[in-house]
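A.B. asks: sequence unavailable; structure follows:
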């Protein structure tokens, strides 16, 4: 009596594109770029305010006058 041996071979390949990680990376880059742009804008505004006022001391004095209302 012969015994038949059946052999099943199953190969499965799964590719998981980790979309969540990519979204987080893009979000971090966008926040970084936004922070950089805001910092550059604030620096340019401060420097232009000092130039228009006549220096850092005059800028501070003008700021206090604007806040107080004189």
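C.D. replies: Yep, it's here. Being a predicted model, the structure only gives us computed values, none of them experimental.
A.B. asks: rest of the way, CA atoms for contacts and neighbours
C.D. replies: Noted.
A.B. asks: what is the neighbour count of residue 64?
C.D. replies: By the criterion of other C-alpha atoms under 10 Å, residue 64 has 12 neighbours.
A.B. asks: and it, what does it touch?
C.D. replies: Residue 64 sits next to no residue when contact means C-alpha atoms under 8 Å, 6 or more residues apart in numbering.
A.B. asks: please repeat the previous calculation with a cut-off of 10 Å.
C.D. replies: 58, 70 (C-alpha atoms under 10 Å, 6 or more residues apart in numbering).
A.B. asks: then the one 5 residues further on?
C.D. replies: Applying C-alpha under 10 Å, 6+ apart, we find residue 69 in contact with residue 63.
A.B. asks: quick check: phi and psi at it.
C.D. replies: phi 100, psi 20 (degrees, to the nearest 10).
A.B. asks: now it: how far from residue 49?
C.D. replies: 18 Å (C-alpha to C-alpha, to the nearest Å).
A.B. asks: quick check: which ranges of the protein have low pLDDT?
C.D. replies: 1, 15-17 (pLDDT under 70).
A.B. asks: center of it - which residue?
C.D. replies: Residue closest to the mean C-alpha point of the chain, counted by C-alpha atoms, centre = their mean, is residue 31 at 1.8 Å.
A.B. asks: after the longest helix belonging to the chain comes which helix or strand?
C.D. replies: Determined from DSSP state H, the single longest helix within the chain is helix 19-53. Using DSSP states H and E, the helix or strand that follows helix 19-53 towards the C-terminus is helix 56-68.
A.B. asks: mind listing what residue 9 touches?
C.D. replies: So residue 9 contacts nothing (C-alpha under 10 Å, 6+ apart).
A.B. asks: number of nearby residues for residue 63?
C.D. replies: There are 14 residues near residue 63, going by other C-alpha under 10 Å.
A.B. asks: got a list of what it touches?
C.D. replies: 49, 53, 57, 69.
A.B. asks: now these as JSON lines including distance to residue 35?
C.D. replies: Listed next are the contacts of residue 63 as JSON lines, based on distance: C-alpha to C-alpha, whole Å:
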{"residue": "49", "distance to residue 35": "21"}
{"residue": "53", "distance to residue 35": "27"}
{"residue": "57", "distance to residue 35": "28"}
{"residue": "69", "distance to residue 35": "32"}
